[in-house]
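Student: Below are the sequence and a predicted model for it; my questions follow.
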Amino acid sequence: MATVEQTLLRAIARRPSRWRRLWEGVSIILRSRTALVGLAIVGFWFLVAIFAPFLTPYGPFDQDYKWQNAPPSAAHPLGTDHLGRDIWTRLIYGARLVLIMLPINESLWLPGGIALWGVFLALVAGSVLGLLGGYLGGWIDEVVMRLLDAMMAFPVILLYMIIIAAIGPSALNIVLAIAIVGTPGIARLVRSLTLDIRTRDYIRAAEIRGESVWYIMFHEILPNARGPLIVDAMLRVGYAIFAMGTLGFLGLGLPPPSPDWGSMVAKGRQYIMAGSPWAALWPSVAIASLVVGLNLFADGLREELARYR
Amino acid sequence: MQTRFHPLPPILKVENLSISYATRHGEVEAVRQVSFEVNRGMTLGLVGESGCGKTTVAFGILDFLGPNGRIVEGSIKFQGRELIGRSEKELRLLRGDQITMVYQDPMQALNPSLTIGEQLAEVLVVHRGLSHAEAWRRSTEMLERVYMPDAPNVMKRYPHQLSGGQQQRVVIAMALLNNPALLIMDEPTTALDVTVEAAVLDLIEDLKRDFDTGIIYITHNLGVVARVCDQVAVMYAGELVERAPVKALFAHPLHPYTQGLMRCVPKLGITKEASRLYPIRGRVPAPQDRPRGACIFAPRCDYATERCRNERPMLQEITPGHSARCFYAGQIDPSAWQPSEEIEVPAPGQRVAPEHEVVLHIENLKTYYEQPSRSVLSLFGLGKKQYVKAVDGVDLRVPRGITVGVVGESGCGKSTLAKTIIGLESPTAGVLQFLGFDISMPVTRRDVQLIQELQMVFQNPDSTMNPAYTVGQQIARPLQRFKTVPPQQVYDEVIRLLHAVRLDASYYDRFPSQLSGGEKQRVGIARAFASRPELVLCDEPVSALDVSVQAAVLNLLLDIQRQYGTTMLFIAHDLSVVRFFSDLVAVMYLGHIVEFGPAEAIYAPPYHPYTEALLSAVPIPDPCATQKRIRLEGNVPSALNPPSGCVFHTRCPRRSMLPDQGKVCAVQAPPQQWNTEQHYILCHIPLEALRKMEPVITSC
């Protein structure tokens, strides 16, 4: 039995290595200017989303009939929409839906936004399918990959519209749509990584130990695919936000009055020619900046990872 | 090699060359104040372990250092003209014209989408401005000069249609097309089989005579150095530590590092009982941890004094033409060297007593792979099925506690044999028994108890460990899975195993990326031995390691084997390593064991003609040893359609010893001829005739 002293020594001996790895991870991000800029933009949206109630005196549904389609002013920093709602308020509450809370029904919500949940579910499904196809190969691979190919044959927007049209617009259903649309791409990526990793000797070693297929797939292969997978997932969160905007714009997003960025653009679009572009401009800027931020972050990370491999 | 009179200045004169790279850890000095000369018709061997800066020197000469490398100081004079500071354009004209380079992997040096002819002719068209037809004609001539059989046809082929040895010939021909003054060869034979390597080395020797080119030959293999080089420069951790004519270097190595290297290499000529390997303790320091104002080898040196740790020695000439970077060079007597107590060196060699219980019993084992047929009929499932006969009728009995070495060229089926035994492939036919149990099924259907008794050590240190887990977690996994020890003792057992492979407890929490190649291989060994297996298969466990590390790992394996009484199957292509390591040796060719017996019997006549050819191809680290020159023609035939009769008859150099030029070999399978009770040879040539053959290697 290990004595207290031994346990302590172990803990001390263990620490530097863990800390160093963490620090190396952080320093990779710090080293890349691209990743830093991306991180700053994404970080900004996370912060305003989390602290939304403290950053505005209004609620997202508060209407003020005296201020319809108002330009930016001291009272309404980004102006108001056609119902006199404060755009800044709706914007940061909209960011909550995208990034930090998923409403299930009126009273219940889960932490993590629609985009994050959608990509997370796509990651789970895509990884399982990709691992199965890549590691087991043979007819399983053929069946899985042909099915996914068939899904990829549909244009993404069309696929979103079909799914939402079939199951109806709600936060949960948008999550499902994002997951379904994202799965084939992730499965392909995981499969190609698996095909490479499964030739390594440590996989032979696990097979020789008589490990189960599931153990090899999830404990030996998947952890080694995480680098490219994280980068890919980040890009996909960007695509998902874009898809949410598109769906909202087409009227398939979250039902009105919820502060959905896409439907804000759609409504605001009608008043651009009337001389008040603000209601359409700001949500567009929000979507664009968040997507660009995520892309920059992912790109910077990918470059730095490749450089020091 | 006699010293010639050189009225001309040396082709290349490198003086005080220092090169550094910008890395994550700041500026790192990879090469420090290296000086040497290369003359016409001379081969300079640049020897050293990996990471000691050999290739960096070559890239410095060619200005291939990349965006993060730069030459800090020194001068490189090529035919009297300074190269450093020349423009990119001037250097590019020089490269490929006056200075050419041959790389390790020929497949990467050739463009797969162009024919050999187009690639060769392009060199002459670009640098010499010849017409295409003229360039084509000269290229064909050059291919013939590098002994390429059927050169005009080879010109029309694509690189993938040639074997590795032929590809390397093409690359060498390409390098020689412009009759360069300087040829730099970076490990040109490392990726090749012994027999092919021997042929390429012969070619390099001939070319040296014919072309009067200066050659820089970069290698880690002392045997190759002894065979092709005139001058040798030994590099260690970015510094040149010794420079001497080849014979002087091998006869009287002056620097303690060179002496250490010589003790690390298994030698073929001497008897097995006397052959011990003494690894150099410690390891090559990483570039950023190299001592600055001290002898760079001092931390690993047995003769280091206070002076070595405080002052940096300069390269000094001890005897004419022989210099070393050591304060005490010339005063050290290597024959009086005693291993320091840190290193335990087990002596290999065990007698195989007949009462040994047989652990692994293999009889007429066949492993075939189905090859999809290319005919249209196969689309409908009507095509004739073809099989790659990777293992084709192998008999082997492995007694308990014994090491059986398996040697042969690549493609002879040794790895498939291992995979079949371990259960990654299923045998097509035959008996495969382990500890009396049938194991002719894949590993997934074997009993856990059997699985834990049968483990494996892998070849490539970089892929043997999962990069996502710590060393401790990876060694602990088999312990947990096979419940070798109770759960609360797993940690202590892992530490014990780490100590057994000479790593301390601090390695428990390291990740594989923080380990050197030798350390990774040690962890791989610890993992294989964790479940206390009865039989361990070692598939080329040291072929990817540096010599000094190789010696340490081999000693470690021997030591652990002795401790646990483990039986081992040792697969390798290096005959000297197998000789050092094994009690019994099986020589494989095209899926058959052509000779089997105790190690001493294999390495002395009577030989199987194939064994004889293999032995004559091994580069021996002794420039005055003589070897019979037997070269096999062509390549190992495809296992899809192995030759009839004796599988070796198509390449056998001894067929003429039989009446009728060995007609019987092509028709009839050869008999097992038993030389002694334990030694058999699969050959038609009568044992009497084989016994009369002379030994391949005679040392002086």
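Tutor: Alright, I've got the coordinates.

Student: Return the per-residue confidence for the residue in the stretch 51-200 of chain B positioned nearest to chain A.
Tutor: Closest contact between the stretch 51-200 of chain B and chain A, by CB to the nearest CB, is at B:N68 (9.9 Å). For glycine as for every other residue, the C-beta is placed from the backbone atoms N, C-alpha and C. With respect to pLDDT, B:N68 scores 82.

Student: now do the one 3 residues further on
Tutor: The per-residue pLDDT reported for B:I71 equals 87.

Student: before we move on, back to that, list the contacts for the nearest residue to the residue of the stretch 51-200 of chain B closest to chain A once chain neighbours are set aside?
Tutor: Excluding its sequence neighbours, the residue lying closest to B:N68 (CB to CB, 6 or more residues apart in numbering or on different chains) is B:A22, at 4.4 Å. B:A22 is in contact with B:V28, B:N68, B:G69, B:R70, counting by CB atoms under 8 Å, 6 or more residues apart in numbering or on different chains.

Student: how many neighbours does the residue of the stretch 51-200 of chain B closest to chain A have?
Tutor: When neighbours are counted by other CB atoms under 10 Å in any protein chain shown, B:N68 registers 12.

Student: Same question for B:V388.
Tutor: For B:V388, the neighbour count with other CB under 10 Å is 18.

Student: Which phi and psi values does it adopt?
Tutor: The phi and psi values for B:V388, taken as degrees, to the nearest 10, are phi -90, psi 120.

Student: was I right about it contacting B:N641?
Tutor: No - the criterion here is CB atoms under 8 Å, and B:V388 misses it with B:N641 at 9.6 Å.

Student: Now do the closest residue to B:H361 other than its chain neighbours against B:L365, distance only.
Tutor: Nearest residue to B:H361, sequence neighbours excluded (CB to CB, 6+ apart): B:Q433, at 4.3 Å. Noted for B:Q433: a distance of 10 Å to B:L365, by CB to CB, to the nearest Å.

Student: okay, these two: which has more neighbours?
Tutor: The residue with more neighbours, out of B:Q433 and B:L365, is B:L365; 22 against 16, by other CB under 10 Å.

Student: show me what contacts the residue nearest in space to the middle of chain A?
Tutor: Centroid-nearest residue in chain A, with CA atoms, centre = their mean: A:V237, separated by 2.7 Å. Residues in contact with A:V237, defined by CB under 8 Å, 6+ apart, are A:A115, A:L116, A:V119, A:L294.

Student: In the residues you listed, which residue is surrounded by the most others?
Tutor: Going by other CB under 10 Å, A:V119 tops the contacts of A:V237 with 28 neighbours.

Student: before we move on, the earlier item: check the contacts of B:A22 against A:L131 and report the nearest one.
Tutor: B:N68 (36.5 Å; CB to CB).

Student: Surely the closest one touches B:T23?
Tutor: Yes - taking contacts as CB under 8 Å, B:N68 lies within contact range of B:T23: 7.0 Å.

Student: What residue in chain B comes nearest to chain A?
Tutor: For chain B, CB to the nearest CB, closest residue to chain A: B:A468, 3.5 Å.

Student: Tell me the confidence at that residue?
Tutor: 88.

Student: now do A:S17
Tutor: The per-residue pLDDT of A:S17 was computed as 59.

Student: How about B:E694?
Tutor: Value for B:E694, per-residue pLDDT: 81.

Student: That one: neighbour count?
Tutor: Residues near B:E694, counting by other CB under 10 Å, number 9.

Student: Enumerate every residue touching it.
Tutor: By CB under 8 Å, 6+ apart, the contact list for B:E694 reads B:P605, B:K628.

Student: Distance of it relative to B:S506?
Tutor: Distance, B:E694 to B:S506, using CB to CB: 54 Å.

Student: Check B:W337 too.
Tutor: Applying CB to CB to B:W337 and B:S506 gives a distance of 31 Å.

Student: likewise A:S170?
Tutor: A:S170 is 55 Å from B:S506, by CB to CB.

Student: Done for today, thanks.
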